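Sharing a sequence plus its predicted fold:
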Amino acid sequence: MRDRTTLDYVKPSAEERGRLREDFDFNDLNHDGRLTLGEFIRFMRSLDEDLTAEQCQIGFDEIDTNRDGVIEFEEFVAWSLGK
Ligand SMILES: [Ca+2]
Ligand SMILES: [Ca+2]
């Protein structure tokens, strides 16, 4: 039975997940399965080199929904599908 009181992540297709996994792994420079703020800033600046550290920090905090200071793959997926 599904628990209807919790908000499920939108379930991506296997293909979509695979693509996001590649993006995630590409940006996970030390391959520990998590994006740190430093890794995230590099990623954001590869998209827009004019972004400030503050703007990156704000984006990082939005994605890091469980507030543990790193972006896990599931958070990355949720963000990618939700934006
Ligand atoms: Ca990492
Ligand atoms: Ca997190």
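Looks like it arrived, so ask away. Ligands and ions are numbered 1, 2, ... in the order given.

how about the residues of this structure near ligand 2?
Residues of the chain lying close to ligand 2 (C-beta under 5 Å from the ion) are 64, 66, 68. For glycine as for every other residue, the C-beta is placed from the backbone atoms N, C-alpha and C.

mind giving me CSV with these and columns for pLDDT, neighbour count and distance to ligand 1?
CSV is the format used below for the residues of the chain next to ligand 2 (pLDDT from 0 to 100; neighbours: other C-beta atoms under 10 Å; distance: C-beta to the ion, whole Å):
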residue, pLDDT, neighbour count, distance to ligand 1
Asp64, 98, 20, 13
Asn66, 97, 10, 16
Asp68, 98, 10, 13
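
Switch those over to CSV; also include secondary structure.
Below are the residues of the chain next to ligand 2 laid out as CSV (DSSP: H, G, I helix; E, B strand; the rest coil):
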residue, secondary structure
Asp64, coil
Asn66, coil
Asp68, coil
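
And for the helix or strand containing Ser46, what's in contact with it?
Ser46 belongs to helix 37-47 when assigned by DSSP states H and E. The contact list for helix 37-47 (C-beta atoms under 8 Å, 6 or more residues apart in numbering) reads 27-30, 35, 51, 53, 55-57, 59-60, 63, 69, 71.

Sort out which residues of that helix are buried, please.
Within helix 37-47, the residues scored as buried using 16 or more other C-beta atoms under 10 Å are 37, 39-41, 43-44.

Just the closest of those residues to Glu15, please.
Phe43 (21.7 Å; C-beta to C-beta).

re the thing from before, I'd like the average pLDDT over the helix holding Ser46.
Averaging pLDDT along helix 37-47 yields 95.

Which stretches in the chain count as helices?
Along the chain, counting by DSSP state H, helices occupy 14-27, 37-47, 53-63, 73-82.
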